[in-house]
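>>> Just to be clear, the model below is a prediction. Sequence and coordinates:
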Amino acid sequence: MVQMTRRNSRETSRVTRLVIFVIVGFFLLLFALDFFNSPPVVGTNYDLAAIKAKTSEEIVVKGTKPEEPSVVAVSIPEKSKSHHCLNEDFEPQNPVGVWTMLNDNSAYVNGALKLGRAIKARTITPVDLVVMELQSKPLTESQWKDLTEVGFHKCMVSSIPPPDVGKTRKDLREKFAVLHVWAMEIYDRVLFLDADTFVQNSLDPLISIDLQGKSLGVTKDIRERKWVQTFNSGVMVLKPSMAEHERLLKLLRSGIKFDFIMSDQGFLNEVYKDDWHEIGFVNNANLALYRFQRTFWDQHKLEDINIIHYTMSKPWKCSSKGPYGPICDVWINAK
């Protein structure tokens with residue numbers, strides 16, 4: 001009987017432990033299910049208002065970007081005047097431009113290099129040195145490297161064909177492109193120099209010369225060994241104007257009659273025959289005068305001549321022992 005009682009007691013204890021185990025397991029299962037189905041905790045429920053009041057610059061609200069610093073817009077004035085160059089990298093720096101024109105003749109590049117160095121060394125007025133390059137006859141990369149080192153800027157332009165090719169001197173057929181210089185109205189004044197000229201003295205007086213109401217500053221020419229009433233276009237002073245440029249192009253295609261063989265010079269003489277101002281021999285000393293009007297030439301000291309124009313013999317072909325010896329030496333000895 002006693003043994004039966006002990007056995008029943010053990011059975012009851014075992015059942016009790018089993019029931020407790022099941023109950024505990026059930027609650028553990030409920031807790032686990034609740035844990036895994038609950039959203040993750042992402043932060044603590046602080047009093048944001050209080051913190052923001054204390055250190056507002058340190059609080060970043062989720063879902064918004066910090067305010068970016070304000071940028072002051074700088075307005076660049078729009079250019080009201082045109083430079084007419086085909087290359088977009090042409091950027092004038094000064095109100096006065098000294099221009100020349102080059103084609104694929106490398107000899108004239110050497111002339112322009114000495115010309116540019118002389119201008120830079122002797123002229124005080126800030127000027128842009130500009131080479132007008134024909135789109136159809138571009139210079140080489142090496143040539144532009146040398147020209148840029150001297151200070152030249154590139155202005156690429158299209159060719160302007162002569163109205164009568166057959167009657168135009170072969171070596172001057174590209175010269176009508178010079179008319180583009182009138183379109184460069186971004187400049188207050190342009191001084192155009194042929195690449196076979198050389199500057200001995202400052203260009204300041206010529207840059208500021210009063211044209212006395214005339215459209216063009218040039219000097220009297222010599223043809224067939226004597227003075228003529230026309231001008232030489234190797235050195236020109238002018239005020240660019242797009243309207244004037246367009247007028248010149250229309251006139252060129254209008255059937256106007258002029259000295260075709262002399263290309264742009266013949267045309268400009270017809271257009272401006274009563275509208276040019278004499279700038280003086282010293283600003284365009286034509287080498288033809290040294291040969292055919294020597295008495296007149298010798299009335300001027302060589303050092304007083306501002307611009308020598310090597311018309312009869314190109315300076316790169318000059319010889320100290322030739323007929324223009326002393327004048328050639330000026331160019332030969334220049335750096």
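Here it is on my side, so go on.

>>> Which element is encountered next along the chain beyond the helix or strand containing residue 198?
Secondary structure assigned from DSSP states H and E places residue 198 in strand 197-199. Counting by DSSP H and E, the next helix or strand C-terminal to strand 197-199 is helix 204-207.

>>> Which SSE is immediately downstream of that following helix?
Helix 204-207 is succeeded, C-terminally, by strand 216-223 (DSSP H and E).

>>> Keeping just the C-alphas, turn that next one into CSV.
Once non-C-alpha atoms are left out, strand 216-223 reads as follows in CSV (Å, rounded to 0.1, in the frame of the first residue of the first chain):
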residue,chain,number,x,y,z
LEU,A,216,40.4,105.6,-94.4
GLY,A,217,43.9,106.6,-93.5
VAL,A,218,46.5,105.7,-96.2
THR,A,219,49.3,107.2,-98.2
LYS,A,220,49.9,108.2,-101.8
ASP,A,221,51.2,105.5,-104.1
ILE,A,222,53.9,105.3,-106.8
ARG,A,223,53.2,103.6,-110.1
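
>>> neighbouring contacts of it?
Under the contact criterion CB atoms under 8 Å, 6 or more residues apart in numbering, strand 216-223 has outside partners 206, 209, 211, 227-233, 235-238, 268, 272, 275-281, 283-284, 286, 288-289, 292-293. All C-beta spots, glycine's among them, are computed from the backbone N, C-alpha and C.

>>> Narrow the residues you listed to just the buried residues.
The neighbour count (16 or more other CB atoms under 10 Å) marks 206, 209, 211, 230-233, 235-238, 268, 272, 276-277, 279-281, 283-284, 286, 288-289, 292-293 as buried among these.

>>> for the chain, which spans come out with low pLDDT?
1-81 (pLDDT under 70).

>>> can you pull out the strands in it?
Along the chain, the segments classed as strands by DSSP state E run 96-102, 128-134, 152-157, 189-193, 197-199, 216-223, 226-238, 276-278, 285-286, 307-309.

>>> Please tabulate those in TSV, including the columns distance to residue 122.
Shown next, in TSV, are those (distance: least, CB to CB, whole Å):
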stretch	distance to residue 122
strand 96-102	12
strand 128-134	13
strand 152-157	16
strand 189-193	13
strand 197-199	6
strand 216-223	19
strand 226-238	15
strand 276-278	23
strand 285-286	16
strand 307-309	11
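
>>> Between those strands, which one is closest to residue 317.
Between residue 317 and the strands of the chain, the tightest spacing by CB to CB is seen for strand 197-199, at 13.6 Å.

>>> Mind giving me the packing neighbours of that closest one?
helix 106-122, strand 307-309 (3 or more CB pairs under 8 Å, 6 or more residues apart in numbering; DSSP states H and E).

>>> And the contacts of the shortest one?
The one in question is strand 307-309. By CB under 8 Å, 6+ apart, the surrounding residues in contact with strand 307-309 are 193-194, 196-200, 206, 232, 234-235, 282-287, 327, 330-331.
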